[in-house]
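K.L.:
I'll drop the sequence and a predicted model, then ask my questions.
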Amino acid sequence: MQELALDLSLHDAALETALEAAADRAVRESWADRAVGRRDPSVWSDEDLVQRAIATRLGWLEAPFHFADETGTLGAFAAGIHAEGFATAVLGGMGGSSLAPALLTHVFGVAEGGTPVRVLDSTDPAAVAAVLDDLDPTSTLFIVSSKSGTTAEPLSFQAYQWERIAAALKAGHVGRQTRPGDFVAAITDPGNSLRAIPHHDELRETFLNTPDVGGRYSALTYVGLVPGALLGIDLDALLEKARSMVMASGTAAPATNPGLALGLAMGVFAANGRDKLTFVIDRELSAFGAWVEQLIAESTGKETLASIANRTHDGAAKAVRVGVVPVDAEPLGAVSTYGNDRVFVRIVLAGSAGPDTSIGQNVDARLAELAAAGHPVIRIELGSKIELGAEFVRWEVATALAGIVLGIDPFDQPNVEEAKTNTRAVLAAYESGKAPDVDSTVVGIDDEKSLATALKAHLGKMAADGYVSIQAYVAQTPARDEALAALRVTFRDTTRRATTVGYGPRFLHSTGQLHKGGTPTGWFLQLISEHPDDRAIPGKPYSFGSLIDAQALGDANTIRDHDLPILRINLGADPDAGLSALGRALTTALSEA
């Protein structure tokens, strides 16, 4: 089967020996059979409490089989939406609930007879406006997607769209439907999760997942399948590929087990200092990087189980934190620009022209140079887009099994709540009718000399084996993608550090766990902006602009609580001009550092 192919270029005897030892252990201890075949949580831990928690998070292995019985119902739902004249669907979610739909939309587009799907996963008011303003609320299906039913961002999106629908209905723009709920559906868990969603009993449809699937492992549940059905994707074929991968990943030998082979490589390389997993993906599949980034970062960036146990018995014991740092969409560079902490993953789609690149040579030739220089290169080829179903499972299995190598629980996310708690503390000021305190540490872009000085001082705080994390709390646009990519190249080529970019607040639900809970080597640059065209959130005493500002400050405070270096920069009312000024100041700072 084409989708099972995994080639590894490895020119390092020590890594090869470590990989062979891990493979022997995996076979001896039946990792694949116990984890995938028998859903046995003891493969990750011998602690009863940990096992019980993990046992409630293994439903993703059943999803490709369970949801095979739901494709007819999903197809009928999608056909009904199209027949009723809905022109567009908008899915409001965060992290795992938004990245799989965004990936499916990017890869497959909309088939004939399908409904276009947009994904809203930013609280920046400019992003909210860009997704919703040009749509007629009475010809738009809004889908609120939240596993817990309490996620602040999708509920804010729902409140905003609900008000838009109600206003349009009041103005007389009425088709067959007469209530706002007729234009809204929900994807969530049953029970309290459903009840937490406002107007849950008025919605045209609710899709209830089984509670034993975590958000980042939910691509092949209703989270991905509802928007997939609307787009017109062949869900039967997608799930068939996924089932084949589940079956293949339950075998003992890594040579015939694609999930185990990849998981061993991820875990062993990270445990031996190569913890920056760098993706080079063909352009048709490029959105896969953001999905797999959140899967890996949130699953692997945390304290080891042995360390937790030691600290339980000895309060003075130091926490041991590990993590795989996924590096998505970093432009490929020359061999000389990389340190010895990289692993490259080349994901190929048969027939593609290749990834977006500006390196001036064939990407695979450059990767061959990197392999010859000692950097491991993993190559995975998909024969067709529908094999994405198998890749979802391969990477889920691999990430879960890498957790065994690293000695962690890959299904919890112990540090995600910290930033939410700090955000709520900021928002409490609005709730009480007060303005929040001003953060005096924020640096502006008006004085580029002062900005360069601040950047230079911050550069001195980089860890030798660390990574750069640019946190962009601005609306995502192609121009900003390009500007941020240029910043990454400047950092990487000058410092040889791996670079990552996350748009806030989306990354708080994915890489945010790695930032606080993983190896403490992150170096953070937080970019915020002003909001000249803000939007109110119905039912709240604060706006979308205030919400994203609070989320940025809450995250910055959390990073400081972990004694990690962060510099906050306000790009001003024009983020594009601000990014240009930042680029100039950074060049100056690096030249003087």
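P.N.:
Noted; the coordinates are in hand. Numbers count the residues shown, from 1 in each chain.
K.L.:
List the buried residues of stretch 58-71.
P.N.:
Across stretch 58-71, burial judged by 16 or more other C-beta atoms under 10 Å covers Leu58, Gly59, Trp60, Leu61, Glu62, Ala63, Pro64, His66, Phe67, Glu70, Thr71. C-beta here means a position set from N, CA and C on the backbone, and glycine is covered the same way.
K.L.:
quick one: average confidence on it?
P.N.:
Mean pLDDT, computed over stretch 58-71, is 98.
K.L.:
One more: stretch 552-568?
P.N.:
96.
K.L.:
Endpoint to endpoint, it covers what distance?
P.N.:
With C-alpha to C-alpha, to the nearest Å applied, stretch 552-568 spans 9 Å between its terminal residues.
K.L.:
buried set for it?
P.N.:
For stretch 552-568, by 16+ other C-beta under 10 Å, it's 552-559, 564-568.
K.L.:
Below-threshold pLDDT in the chain: ranges please.
P.N.:
1-5, 173-177, 315-316, 356-361 (pLDDT under 70).
K.L.:
Show me it divided up by domain.
P.N.:
With domains defined by automatic domain parsing, the chain comprises 2-46+252-406, 63-237, 416-592.
K.L.:
What count of nearby residues applies to Arg179?
P.N.:
14 (other C-beta atoms under 10 Å).
K.L.:
same check, this time on Tyr160
P.N.:
23.
K.L.:
contacting residues for it?
P.N.:
Contacts for Tyr160 (C-beta atoms under 8 Å, 6 or more residues apart in numbering) come out as Val128, Leu132, Arg535, Ile537, Pro538, Phe544.
K.L.:
Return the members of these classed as buried.
P.N.:
Val128, Leu132, Arg535, Ile537, Phe544.
K.L.:
Same list as before, those residues that is, but in TSV and with secondary structure and distance to Ala186 included.
P.N.:
Shown next, in TSV, are those (DSSP: H, G, I helix; E, B strand; the rest coil; distance: C-beta to C-beta, whole Å):
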residue	secondary structure	distance to Ala186
Val128	helix	19
Leu132	helix	18
Arg535	coil	22
Ile537	coil	18
Phe544	helix	21
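K.L.:
possible to save those residues as a markdown table with distance to Pro376?
P.N.:
Formatted as a markdown table, the buried ones among the contacts of Tyr160 follow (distance: C-beta to C-beta, whole Å):
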| residue | distance to Pro376 |
| --- | --- |
| Val128 | 41 |
| Leu132 | 44 |
| Arg535 | 46 |
| Ile537 | 46 |
| Phe544 | 43 |
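K.L.:
now, the most widely separated pair of those?
P.N.:
Leu132 and Ile537 (13.1 Å; C-beta to C-beta).
K.L.:
returning to that earlier point: which ones among the buried residues of stretch 552-568 are found in strands?
P.N.:
Using DSSP state E, the subset of the buried residues of stretch 552-568 located in strands is Ile566, Leu567, Arg568.
K.L.:
Let me see the contact set for the second one.
P.N.:
Remark: with contacts taken as C-beta under 8 Å, 6+ apart, Leu567 is in contact with Val443, Ala454, Leu455, His458, Phe524, Leu525, Gln526.
K.L.:
now, which of those sits nearest Gln51?
P.N.:
Phe524 (34.6 Å).
K.L.:
mind checking how far the residue of the chain positioned farthest from its centre is from Thr178?
P.N.:
What lies farthest from the middle of the chain is Gly172; by C-alpha atoms, centre = their mean that is 40.2 Å. Per C-beta to C-beta, to the nearest Å, Gly172 is found 11 Å from Thr178.
K.L.:
For the buried residues of stretch 552-568, which two are the farthest from each other?
P.N.:
Gly554 and Pro565 (17.5 Å).
K.L.:
still on that earlier bit, just name the closest of the buried residues of stretch 552-568 to Ala14, please.
P.N.:
Distances from Ala14 to the buried residues of stretch 552-568, taken by C-beta to C-beta, are shortest for Leu564, at 30.0 Å.
K.L.:
ok, and the closest non-adjacent residue to the closest one?
P.N.:
Gly522 (5.7 Å; C-beta to C-beta, 6 or more residues apart in numbering).
K.L.:
ok, now Lys147?
P.N.:
Gly215 (5.0 Å).
K.L.:
shouldn't Arg492 be in contact with Thr499?
P.N.:
Yes. Under the criterion of C-beta atoms under 8 Å, Arg492 makes contact with Thr499 at 5.2 Å.
K.L.:
Mind checking which of the two has more residues around it?
P.N.:
Ranked by neighbour count (other C-beta under 10 Å), Arg492 and Thr499 place Thr499 first, with 26 against 20.
K.L.:
List the pairing partners of the helix or strand hosting Arg118 within its sheet, with orientation.
P.N.:
Per DSSP states H and E: Arg118 is located in strand 117-120. When sheet partners are counted by DSSP bridges, strand 117-120 sits next to strand 88-92 (parallel).
K.L.:
hey, C-alpha coordinates of the partner strand in PDB?
P.N.:
Output in PDB follows, covering the C-alpha atoms of strand 88-92 (Å, rounded to 0.1, in the frame of the first residue of the first chain):
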ATOM      1  CA  THR A  88     -21.500  28.700   2.900                       C
ATOM      2  CA  ALA A  89     -20.700  27.000   6.200                       C
ATOM      3  CA  VAL A  90     -18.600  28.600   8.800                       C
ATOM      4  CA  LEU A  91     -17.000  26.400  11.500                       C
ATOM      5  CA  GLY A  92     -16.000  28.300  14.700                       C
END
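K.L.:
doesn't Gln51 make contact with Ser45?
P.N.:
Yes. Look at Ser45 against Gln51 with C-beta under 8 Å: they come within range, at 5.9 Å.
K.L.:
about what we covered before: now tabulate the ones in strands among the buried residues of stretch 552-568 in TSV and tack on distance to Phe108.
P.N.:
Below are those laid out as TSV (distance: C-beta to C-beta, whole Å):
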residue	distance to Phe108
Ile566	38
Leu567	39
Arg568	38
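K.L.:
re the thing from before, my read: the residue nearest to Leu564 touches Asp563, true?
P.N.:
No. Taking contacts as C-beta under 8 Å, Gly522 lies outside contact range of Asp563: 11.2 Å.
K.L.:
Check the chain and tell me which residue is nearest its centre.
P.N.:
Gln294 (2.9 Å).
K.L.:
close enough to count as contact, that residue and Ala100?
P.N.:
No. Using C-beta under 8 Å, Gln294 is not in contact with Ala100; the gap is 9.6 Å.
K.L.:
how would you label the residue lying closest to Thr178 once chain neighbours are set aside: helix, strand or coil?
P.N.:
Distances taken as C-beta to C-beta, 6+ apart place Leu169 nearest to Thr178, at 6.7 Å, with adjacent residues excluded. At Leu169 the chain is in helix, as set by DSSP: H, G, I helix; E, B strand; the rest coil.
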